[in-house]
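# Only the shape, not the letters, is given here:
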C-alpha cells in the first residue's frame, strides 16, 4: 500500500494489526489517542487473549496508525526489556516508555491499562502532599461516584460509605523508572485499580477496555470534585 | 439478526423497542446515554402513552442498545418489585436501580425522568448542609434562568422575583432505598420538579422528554452559577 | 409537506423562510439555536435588507424549524406591538419576548442582535454591583481582546489602551419590559454595541451576523477572564 | 470558479493555494482557524520548503478560504514590509499583522508559528507581574508535561527536574510593534520556543506544524495548571 513508508514493517505479523473492526485494539488505540483530551480514558495498552497491543512512543497523537502498534506475546518477561516477546515491531519506532508499567498491571490480571496527565489528578497529588505529607494516599468517602471503582479483583464495587484510597508515588526522571514504585504501591494496596503519580498523572487499569475507561472517567470526576471541594473548604472524608 | 447475543430476548414484544425513528424512546435512551456527560439532561426513563421505557443497569454507556431497554405497562404496582408489569424484559439484564424512583415521578404525572451525578449539584448539596444545616433545601432567587423551572404542575413557570426551592435528601447505600426519601420530599414540596440527593446528584422530571431535558439543563446552569457565586462571596438569595 | 402540523402557516409568505442556503436567516437562526450553549453567539434576530427574521418564543431549542420564524417588514413601528408589520406569522406561536429589544438595536443600525444568559456575564453584573454600586458600568482596559469590540458606529475598533465600558441595566419581571432600560442605556452610552442585564445576561448586536457573533464571543471571553482575574485579586482597570 | 469574488486574485500563482490535500498549508490554516477556540493550537503561519503561507487579517474565522492565503518566497527581507517577496497576494486583503513576528520565528528555523489569546496565558502574565515584577519570566518545574517542550533547537526535550522558562514581553498598541520585543526576548532566551505577551496571549513555534501544535497544547495545559495551583496556594517552582 505505502511501500515507501519506513515505519511499516514487512514480514512482521502485520495481520495482527489489520482489522476492519473499529473495536480491534490496533484500531482502538490510535482512534482513542487521536480523540483524547488530557483527562480522557485513553486505552494506551490492551490485552486480547495472549496478545498485548502497545502504542509507540514519539508519534504525534493525530498521526498514529494501526501499523504503528507493537504486539507482545503474553505472558512475557518484564525485564530485561530485550527479552520481551515482541511478535510485531514497527520499524524505526520504540514502544511506549510506559511498557513495563503496563506489564505490571497485566500481571495483576488487567485487560487494559490507561495513562493520563489529568490536571485534576496532578492537583490532587499536590494537595495530599501539602495537607497529609508525602507518604499519604488520596482518600475520599461518601460520594456516590466511588461506586464506579472496584473494591478489589473479584470483590465487587465500592459502596457509598466506603473510603476510596488511591496510592500516590513520586515521579521519576524517566517514565520506565516508575515501575518499581508502581509495583511497591500495588503490593501495599493490592486491591487498587489505579496509582497516582505526583506532579504527573495517573495509571488506571480494568478487567477489560470498557471497564478501564469507565473507571478512568469516574476517577477523573472524583479528582475534579475533590479539587473544587478543597477550594470551597469542604473535607474529602466525612 | 444476532441470535448468539444472549442479551436479546425473543418472543418478548421486541417490536416495542424496534423503530427507525431516532426520537422513539428505545432509541432516544441509548443515544442520549452514549452522548451524555455527567451534567447532561439524560432521559433515563420515558413514558409514552401506557408504556414506560427504562434503561438497564450495568451496561456500559457506549454499548447500550435499543434491545436492552425494559418496557413496563403503565400504570403498574410500585412494590413489590416482582409485581411490576414488565411487558418486555431483556434476558440476563436488570432494570435500572432507579426504577422505583422513576415510578414515583411518573405517579406525579411526569412524562420523562432524568438522573445525573452533576458535580455542581453535589457541591450545592454540600454547601447547603454546611451553611444552613441538613434539613435545608437549596434556595436561589433573582436569577433569570429560574424562569426555566415550573412553579408546579399546571401553574406556569417561576418568575424572576420568585425563589426556586429544591429539596435535598440524604443518600443511601443502595439507590432503590432513596425511594421513601424521594416520596417524603415530594410530599413536603408538592410543586417541585426535582430532588437533590446529597453527595450523589439529582433527579429531575418533566411533563415530556423535551421539558425534562430543558429543566435539567436549567438546573445545572443554576447550580454551577451558585457554586461560582459562593466562591466570589455572592449570596444566593437577594 | 406536513399539512397536519398546526405550527405551519399557509398562504403566509412561506417563501420568505424557505431556502436551501444554510446561511439564510431562517435556517441560521434555528441551527444556531440548536447548537448553542449558554455563552454562545446566538443570532436570535437578523435583519436582511428590509426584512427582520425573529425566533419564536416557547419552542424547544432542538425543535425549532425555519417555518417557526417570524418576518417583519422593516422599518416597523415598535409600539404598540399590534402595529408591527409582520409579513409572516407562524400559526399558534408568538414572537420572542425580546422583539422590542431587538427592534431597538435595529433602530441603531444593527444587522443582527444576540441574546445570551452567559454565566460569566451574570457574575460580572453581580461583582460590579457589589464593588462599584448599582449605577456603575462594567469597565476593563489593557486586554488585547477588547480590540474585538467597536469603539462606536463607524469609529473603528477599541485599542489596547482604551477602556471598554458596557452599561448594566436592572432586570425586570418580563423580558419585554427591559426595553425602556435598554433604550436609556443606549442613550447614555451611544457608542456601545452591548448592554448587560443584571442577574440575567447580555444583549449584543453588530453591523451584520458575523460581526455580532464575533463581538459576542469576544465579550464572553472578556467576562470569563474578568471573573478569573477577580478570583485572583487582579484589578480590571490598570 | 467565482469570477465575481473580488477577494480572489487572478494571474497570481493561485496554484500555490489550490490542493485537494487537507494537510496542505493553504487548507490547514483556514480549517484550523475555523475550528479554533481561544486556547487551541492554531497554525497561523506555516513554512513549507521555500514558501511561507500566512493568513489574512480581518477575515471572519468561519469565512476564511484557501484563496485568502498569502504566500511569501523564503527567505525574504523582514523590513521594510514593502520589500517582502509576496508571490501570491489576495486582492483587497492585508496579511496578518503578526507577519513580522512570524518571520522572526522562521528566521530561528521554525516550520510553523502559532498565536493564541489563551486566557490561561493572559492570567499567568498578570500573576508573574504581580508576584515577581515586570521583568520576570514565567517559571515552573517538576511537572511531567514540561517534557513536551524542547530544551532548545536540537537539544532534545526538557526533563522533569528542569525548569521551564518562558519570557514575557509587554503588549503594544499595534501587533506589528511587538516584533522588537519578541526579538529581544529571543536573544535573551535563545532556547525558547515561545514568548508570552502580557495581557494578550502567546506566540509558540515549532520545527514543523505537528510539533508547534503539540507544544502549544502542552503550554496551555501548563498555564491552566499553574493558575489552578496559584488558586490553591501551591508554588510553581519546587
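Alright, I've got the coordinates. This structure is a prediction, so every number in the text was calculated from the model and none was measured. Residues are numbered from 1 along each chain as shown, chains lettered A, B, ... in the order given.
# so which strand or helix has residue A:222?
Using DSSP states H and E, residue A:222 sits within helix A:209-231.
# Just say helix, strand or coil for residue A:146.
Three-state assignment for residue A:146 (DSSP: H, G, I helix; E, B strand; the rest coil): helix.
# Please tell me the pLDDT value assigned to the closest residue to it other than its chain neighbours.
Closest residue to residue A:146 apart from its sequence neighbours, by C-beta to C-beta, 6 or more residues apart in numbering or on different chains: residue A:164 at 4.4 Å. Where C-beta positions appear, they are placed from N, C-alpha and C, glycine not excepted. pLDDT for residue A:164: 98.
# Ramachandran coordinates for residue A:164?
With angles defined as degrees, to the nearest 10, residue A:164 sits at phi -80, psi 130.
# Tell me the bridge partners for it.
Counting by DSSP bridges, residue A:164 forms beta bridges with residue A:140.
# where's it relative to chain C, distance?
Remark: distance between residue A:164 and chain C (C-beta to the nearest C-beta, to the nearest Å) = 29 Å.
# Now do the contacts for that residue.
Contacts for residue A:164 were tallied using C-beta atoms under 8 Å, 6 or more residues apart in numbering or on different chains; they are A:138, A:139, A:140, A:141, A:143, A:146, A:149, A:158, A:222.
# out of those, who's nearest chain B?
residue A:143 (5.4 Å; C-beta to the nearest C-beta).
# Now that closest one. Nearest residue, chain neighbours left out?
Residue A:143's closest residue in space is residue B:199 (C-beta to C-beta, 6+ apart), at 5.4 Å.
# residues near the residue in chain A that chain D sits nearest to, how many?
Relative to chain D, the nearest point of chain A is residue A:200 (3.8 Å; C-beta to the nearest C-beta). Residues lying near residue A:200 (other C-beta atoms under 10 Å in any protein chain shown) number 26.
# I'd like to know how many residues surround the residue lying closest to it once chain neighbours are set aside.
Sequence neighbours aside, residue D:144 is the residue nearest to residue A:200 in space, at 3.8 Å (criterion: C-beta to C-beta, 6+ apart). Residue D:144 has 17 neighbours, counted by other C-beta under 10 Å.
# So residue D:144 sits against residue A:201, correct?
Yes: with contact defined as C-beta atoms under 8 Å, residue D:144 and residue A:201 form a contacting pair (6.4 Å).
# Please identify every residue contacting each of those two.
By C-beta under 8 Å, 6+ apart, the residues touching both residue D:144 and residue A:201 are A:117, A:122.
# rewinding a little: contacting residues for the residue of chain A closest to chain D?
A:117, A:122, A:125, A:171, D:143, D:144, D:160.
# Same check on residue A:147?
A:157, A:158, A:159, A:160.
# Quick one: buried ones out of the residues you listed?
Buried subset of those (neighbour count, 16 or more other C-beta atoms under 10 Å in any protein chain shown): A:158, A:160.
# just so I have it, where are all the strands in chain A?
A:43-48, A:51-54, A:56-57, A:70-73, A:86-88, A:94-95, A:112-116, A:138-141, A:163-166, A:168-169, A:194-197, A:201-206 (DSSP state E).
# Go back to the contacts of residue A:147 and keep what's next to chain D.
The subset of the contacts of residue A:147 within reach of chain D, by C-beta under 8 Å from any C-beta of the partner chain, is empty.
# Counting only helices, which of the contacts of residue A:147 make the cut?
If you go by DSSP state H, those have nothing in helices.
# Could you list everything the residue nearest to the spatial centre of chain A pairs with in the sheet?
For chain A, residue A:114 is the residue whose C-alpha lies nearest the centre (C-alpha atoms, centre = their mean; 2.2 Å). For residue A:114, the beta-bridge partners under DSSP bridges are residue A:43, residue A:204.
# which stretches of chain A have low pLDDT?
Where chain A drops to pLDDT under 70, the residues are A:1-11, A:34-43.
# Name the residue of it with the shortest distance to chain C.
residue A:231 (9.4 Å).
# for that residue, what are its contacts?
Here residue A:231 is in contact with B:231, D:231, D:232 (C-beta under 8 Å, 6+ apart).
# okay but the last one is in contact with residue A:228, surely?
Looking back up the chat, that one is residue D:232. No: taking C-beta under 8 Å as the definition, residue D:232 is not a contact partner of residue A:228, at 10.7 Å.
# follow-up on the earlier one: give me the angle between the helix holding residue A:222 and strand A:43-48.
150 degrees (axes from the mean of the first three to the mean of the last three C-alpha atoms, to 10 degrees).
# Could you tell me the angle between helix A:209-231 and strand A:201-206?
For helix A:209-231 against strand A:201-206, the angle by the same axes, to 10 degrees is 140 degrees.
# separation between the residue of chain A found nearest chain B and residue A:133?
Per C-beta to the nearest C-beta, residue A:144 is where chain A lies closest to chain B, at 3.8 Å. To residue A:133, residue A:144 is 29 Å away according to C-beta to C-beta, to the nearest Å.
# Lovely, talk soon.
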